[in-house]
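>>> Give me the fold of what follows.
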Amino acid sequence: MRPFRHRRLTALAALSTMLVAAAPPTAAGAAEGSPRRDGYHRVGYFTQWGIYGRAFPVKKLDTSGAADRLTHVNYAFGNVSEDGRCYVDGGPGEGDAWADYQRPVPAEESVDGVADAWGEPLNGNFGQLAKLKERHPDLKVMISLGGWSWSTYFSNAARTDASRRAFVASCIDLYLKGNLPVLDGGSGGPGAAAGVFDGVDLDWEWPNWPGEPGNVVRAEDRENFTKLLAEFRRQLDAYGRQTRKHYALTAFLPANPAAMDAGYEGRKIFRYLDFATVQGYDFHGSWDQVTDQQSALRVPTGAPDNPDFSAEVAIDGWLARGAPRGKLVLGIPYYGRGWTGVTGGGDGLFKPATGPAPATFEAGYEDYKQLKTLPGKGFTVHRDLRAGHAWLFDGTTFWTYDDPAVVFQKTLYIRRAGLAGAMVWSLDGDDDNATLTRTISAGLATR
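From the prediction side, this is the model:
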């Protein structure tokens, strides 16, 4: 199979290079296309809950070949308490300590083939990540804090000098020093998770901007986000001097220019960040009344919204606000957004729909590994090569998604724009051969 894969990627490279070269100039497109001397970041989010319905244990990062092709794994997520602390709680909706570090992982799911025993200090996903790092010593693992559901109290944590100091100290104690609480599962204890995590990823969605209903939002979030980063950098460096290690600090940033202005002080935040990942998806979805793209590289011709979102709009937005292109990592989805009840004929794009498409876990949201099976089952693949997006349509149901051709085109855009690399949400959406991760690796290979 390897010669076929090589021929396929070579053809994709030739086609995509012509498309990128023919694209209209933008702030991002003005960069030189020479490879980065220090290589590209290849960041993948591993979801805490993926071990359940998606049957995606940490071991699959090893057996699929993904771990060999990633530089960072972001563990999603760590929670923030109402009083502004990092914490682990087994309560419904508050956390899953069982998945994190209590669950005895059976031999068939274990990275090294050795089963966990009940009550060991470090079981679960954390224990498996430690084993994965032993097998892949160059791989960095980050604890990602917040996310859509757990950003509720970030504003409380960031509000004052005292709250910021306490919050950062609690996160370092819990995740870097590894002092896990001993809950009903028996696992945990002082230093139980020491060495698992190599840094902190802040996924605050969003400072001074609406996110999930119920989130605490304050106008001063914008300035406080910068101050929070400064405090993280200060304490991470202080702890790193003790352990003789650099602890990375990253952040997930929005694609919406209005949210950029409301919540972030542009250039200032990059003084403290090793790099930042930029949302490159969820531009549209079944919350819209018409079908559309959720992750196009560029705004398609004929798009019903003006202005509209795209990966290029997001990157150009951050560059215009002073972000160094060498610290921007473009987000790529391993899932699609879908509609059903589509009318109007044609290829289905920009057509009225009645609601979200049926899917495995959430209506209107489906993993790439499922969508890749639809061609030949009544669905036809359509592409907009200039805009850099693809979709599936069977006359009634429409899915917008990234397949290997789109992903490869985006890697060439990353190279040409002089960006820092690619991030993916989330690794459990890929197939068992890590096809999309392998595509990113091939596209960002330094040469």
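>>> buried residues in stretch 356-371?
Neighbour-count burial for stretch 356-371, with 16 or more other CB atoms under 10 Å as criterion, is recorded at 356, 357, 359, 364, 365, 366, 367, 368, 369, 370, 371. Glycine gets a C-beta too; all of them are placed from N, C-alpha and C.
>>> among the residues you listed, which two are most distant?
Taking CB to CB, the two most distant members of the buried residues of stretch 356-371 are 356 and 369; they sit 19.1 Å apart.
>>> pLDDT below threshold where in this protein?
Residue ranges of the chain with pLDDT under 70: 1-38, 447.
>>> same for the longest strand belonging to it, what does it pack against?
Longest strand in the chain by number of residues, with DSSP state E as the criterion: strand 72-80. For strand 72-80, the elements it packs on are strand 41-47, strand 86-87, helix 124-135, strand 140-146, helix 154-157, strand 199-203, strand 248-253, judged by 3 or more CB pairs under 8 Å, 6 or more residues apart in numbering; DSSP states H and E.
>>> Direction included, what does that strand pair against?
Partner strands for strand 72-80, per DSSP bridges, with pairing direction: strand 41-47 (parallel), strand 86-87 (antiparallel), strand 140-146 (parallel).
>>> can you list those in CSV and add distance to residue 243?
CSV is the format used below for the strands paired with strand 72-80 (distance: least, CB to CB, whole Å):
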stretch, distance to residue 243
strand 41-47, 22
strand 86-87, 18
strand 140-146, 14
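>>> Include distance to residue 278 and mean neighbour count when you put the ones you listed into TSV, please.
Supplementary listing: those in TSV, determined by distance: least, CB to CB, whole Å; neighbours: other CB atoms under 10 Å:
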stretch	distance to residue 278	mean neighbour count
strand 41-47	11	25
strand 86-87	24	18
strand 140-146	15	24
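>>> Tell me which of the ones you listed approaches residue 325 most closely.
Set against residue 325 and scored by CB to CB, these come closest in strand 41-47, at 12.9 Å.
>>> Just want the angle from that closest one to strand 248-253.
Computed by axes from the mean of the first three to the mean of the last three CA atoms, to 10 degrees, the angle separating strand 41-47 from strand 248-253 equals 70 degrees.
>>> angle of strand 41-47 against helix 124-135?
In this structure, strand 41-47 runs at an angle of 150 degrees to helix 124-135, with the same axes, to 10 degrees as the basis.
>>> Now do strand 41-47 and strand 199-203, the angle between them.
Direction vectors for strand 41-47 and strand 199-203, defined by the same axes, to 10 degrees, enclose an angle of 70 degrees.
>>> CA atoms only for strand 41-47, dumped as PDB, please.
Coordinates of the C-alpha atoms in strand 41-47 are reproduced here as PDB (Å, rounded to 0.1, in the frame of the first residue of the first chain):
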ATOM      1  CA  HIS A  41       3.800  21.700  15.500                       C
ATOM      2  CA  ARG A  42       1.300  18.900  15.000                       C
ATOM      3  CA  VAL A  43      -1.100  19.100  17.800                       C
ATOM      4  CA  GLY A  44      -4.000  16.700  18.500                       C
ATOM      5  CA  TYR A  45      -6.700  16.800  21.100                       C
ATOM      6  CA  PHE A  46      -7.400  13.600  22.900                       C
ATOM      7  CA  THR A  47     -10.900  13.600  24.500                       C
END
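>>> Run through the neighbouring helices and strands of the helix or strand just after it.
Following the chain from strand 41-47 toward its C-terminal end, the next helix or strand by DSSP states H and E is helix 59-63. In this structure, helix 59-63 packs against helix 124-135, with contacts taken as 3+ CB pairs under 8 Å, 6+ apart.
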